[in-house]
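Colleague: build the 3D model from these lines:
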Amino acid sequence: MSDSDIEQLGINVIRGLAMDAVQKANSGHPGTAMALAPLTHVLWTRIMRHDPSEPDWPDRDRFILSCGHASILLYSMLYLTGYGLTLDDLKNFRQLHSKTAGHPEVHHAPGIEVTTGPLGAGFSNGVGMGVAERFLRATYGADLVDHHTFVFCSDGDLMEGISHEAASLAGHLGLGRLVYVYDDNHITIDGPTEISLTDDAGKRFEAYGWDVNNLGEAANDLDTLEGAIRGAMAVEDKPSLLILRSHIGWPSPHKTDTPSAHGEPLGVDEIRATKEILGLPADESFWVPEEVLDFYRQTIPRGQALRQEWEQRLADWTGDRDAWDAALLGRGLTGWAAKLPTWPAGEKLATRQAVKSCVNSTLDVVPGLVSGGADLTGNTGTKLDNAELQSPEHPGGRQIAFGVREHAMGGMMNGMALHGGVLPMGGTFFIFSDYMRGAVRLAALSEAKVIYSWTHDSVGLGEDGPTHQPIEHLASLRAMPQLRVIRPADANETAHAYRIAVDSDGPTALILSRQAIPVLEGTSERYADVAKGGYVLVSGGDEPDVVLIGTGSEVSVCVEAAKLLEADDINTRVVSLPSWELFELQTEDYQAEVLGYDTPVLSVEAATSFGWSKWADDWVSIDHFGASAPGAEVLAEFGFTPDNVANRARQLLDTFGGMDFDDEDDVDADILEEVEDIE
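Modeller: Coordinates of the predicted model:
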């Protein structure tokens, strides 16, 4: 067969796999995969620098399928080009324990760069990868870093607000080496895009500062597609958008350009008819002839040669290899934590200020760290004192001005982290974590190593009032699997929390105060205890009468309340519990040792009480929205004072001590009778 014939057969095989896998699963999205088979073929066989035998090679090109519903397209390429997926994996599409999940999940199968599915997420991830590539190339040189990021996106991606945020920032930053293809197929699940979308995408992206090329009806023209992609790759000073008018489900005789081709199996009869048009065996499923597989597997030796050339350049490189290796791991250099600051007991400062000191003190020993805020850099502890702002003029800049774009910031951070070589830290007010929640969830699902600096963490922020005062946020984020949430009690615990974030895998959320709070006695040397999530800060003796648990700024309130209780001869233990997630990893014996055995426990946290029943018998909390007033006044109004906490502890003791089964006067007669019956 000629090269053109084998290429066309390969493209048709991809279309057949897309139809068959979705039909067998009776679930999925065949139409986009069918329409974009030629584009994907061109990118993966003619253009992309990738090695299926070493999927994580650092200088590979990255591919993101932002329209993750078309996952069977990616899975087909991973199988055909030799990434380790098998034909059986395609046959198990969307089934339990299969490597071919409904939407692509990073780490689930080799060759998947990011987790996509929620539309717009992959779009923002790609911008983050563009930042990472440029930063690393500027820092370590083009001999080690010289690649592109390719993103396929859909009308749904461009409708979602996150794509607008990310596209705007990408254009402002002048990020070259980003090649996006907009699959303009005019179809949504509800019907033609015209029922909800009349944007001129080209003009919009030109206004954002992108290089735009409208390819028109070129979805099946391999040479035109290749030329357009290569032209976009040559644009170094701005991101590129190729607009491609495709026809979803093509060449299905009855379902091309229909919503049903988007989100439903084509059906046995329609698949047979389409395969006849394509010249595939009409009654054979998952047909992949040997010559097609051999053609696609040529990707392996080509990729190996490219990778081996890069490995030789790395071996010859005379730069700082320790810094390079640490950056790739997202870690600090050996012994980096020795540069973290400590504070003496009695000093007062906000934990947001403490984290700024931590970041700036260690910037030179955490080489991959980049930091920024969503227009709140100075307020969130993410301001770097002596770093250039990331820009076309300073591509190695470690300070990022994300602007008022919380969702894009979260998505870009995921892209940077999953690209590798960058440890992103991003900050905003805790209340605005709502705006980036979709990206945070994907960070947790993807185990992306990112650090969130969420500040102004309670009603203690004060005058901005209920719209800016988080209440339910701690509980909701603690409910998110695989997200490490840490609310440190003071500046020293903040340093420990930052160290945990840098030394650990996966995402870490630092929940930090606006207001100044006291540095507590005994916290500076408690890294190992903070790493356990909770520990005894004030012992209260071997057998305390009551335990007060605090987090964040409320720990100091507990310490003062304990002094009031001790004055009344009530032995009071104070527990700092900065991280539920880390504490839950400890043994039951350790947890009991910290919380006491059959000891009444009162939790104190300026947030909703939801979830505290797991650790406490009663709680000082806020189960309503806040109020606009100076922070100290709001905290006092809602009971976060030593006097109120001490009184609530006394009430709890009365509740526990008021029913003595040895004294019949203290027990209702009916209860006694029931106890006697049980005995």
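Colleague: so where's the chain uncertain?
Modeller: 658-679 (pLDDT under 70).
Colleague: buried sites along stretch 631-640?
Modeller: 631, 634, 635, 638, 639, 640 (16 or more other C-beta atoms under 10 Å). Where you see a C-beta, it was placed from the backbone N, CA and C, and this is true even at glycine.
Colleague: can you flag which of these belong to helices?
Modeller: 631, 634, 635 (DSSP state H).
Colleague: any idea how far residue 586 is from the nearest residue to the first one once chain neighbours are set aside?
Modeller: Put plainly, it is residue 631. With C-beta to C-beta, 6 or more residues apart in numbering as the criterion, residue 631 has its nearest non-adjacent residue at 3.3 Å, and that residue is residue 462. Here the criterion is C-beta to C-beta, to the nearest Å. By it, residue 462 lies 35 Å from residue 586.
Colleague: and those two? which has more neighbours close in?
Modeller: Legend: neighbour count by other C-beta atoms under 10 Å for residue 462 and residue 586, higher for residue 462 (22 against 15).
Colleague: how about the more buried one, what does it touch?
Modeller: Residues in contact with residue 462 (C-beta atoms under 8 Å, 6 or more residues apart in numbering) are 514, 515, 628, 629, 630, 631, 632, 633, 634.
Colleague: biggest separation within these, which pair?
Modeller: Using C-beta to C-beta, the contacts of residue 462 span at most 15.3 Å, a distance reached by 515 and 628.
Colleague: end to end on stretch 458-474, go ahead and measure it.
Modeller: The stretch stretch 458-474 measures 10 Å between its terminal residues, going by C-alpha to C-alpha, to the nearest Å.
Colleague: quick one: buried residues of that stretch?
Modeller: Neighbour-count burial for stretch 458-474, counted by 16+ other C-beta under 10 Å, picks out 458, 459, 460, 461, 462, 468, 469, 470, 471, 473, 474.
Colleague: which ones among the residues you listed map onto helices?
Modeller: Under the assignment DSSP H, those contribute 473, 474 to helices.
Colleague: now the buried residues of stretch 458-474 as CSV including distance to residue 566?
Modeller: Compiled in CSV, the buried residues of stretch 458-474 are given as follows (distance: C-beta to C-beta, whole Å):
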residue, distance to residue 566
458, 26
459, 28
460, 26
461, 31
462, 31
468, 37
469, 32
470, 32
471, 31
473, 33
474, 29
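Colleague: which one among the buried residues of stretch 458-474 gets closest to residue 575?
Modeller: Nearest to residue 575 among the buried residues of stretch 458-474, counting by C-beta to C-beta, is residue 474 at 16.7 Å.
Colleague: can you count the residues close to the residue lying closest to that closest one once chain neighbours are set aside?
Modeller: Spatially, and ignoring its direct neighbours in sequence, residue 474 is nearest to residue 607 (4.6 Å; C-beta to C-beta, 6+ apart). A count of nearby residues for residue 607, using other C-beta under 10 Å, gives 28.
Colleague: pick out the residue nearest the middle of the protein.
Modeller: Nearest to the geometric centre of the chain sits residue 443, at 1.6 Å (C-alpha atoms, centre = their mean).
Colleague: would a markdown table of the buried residues of stretch 631-640 with distance to residue 26 be doable?
Modeller: A markdown table is the format used below for the buried residues of stretch 631-640 (distance: C-beta to C-beta, whole Å):
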| residue | distance to residue 26 |
| --- | --- |
| 631 | 56 |
| 634 | 55 |
| 635 | 56 |
| 638 | 53 |
| 639 | 56 |
| 640 | 55 |
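Colleague: for the residues you listed, which one is nearest residue 555?
Modeller: When the buried residues of stretch 631-640 are compared for distance to residue 555 (C-beta to C-beta), residue 640 wins out at 11.3 Å.
Colleague: enumerate every residue touching the closest one.
Modeller: Residue 640 makes contact with 554, 557, 604, 606, 620, according to C-beta under 8 Å, 6+ apart.
Colleague: list the contacts of the residue nearest to residue 521 when sequence neighbours are not counted.
Modeller: Excluding the flanking residues, the one nearest residue 521 by C-beta to C-beta, 6+ apart is residue 345, at 4.3 Å. Residues in contact with residue 345 (C-beta under 8 Å, 6+ apart) are 518, 519, 520, 521, 522, 523, 524.
Colleague: good, wrapping up.
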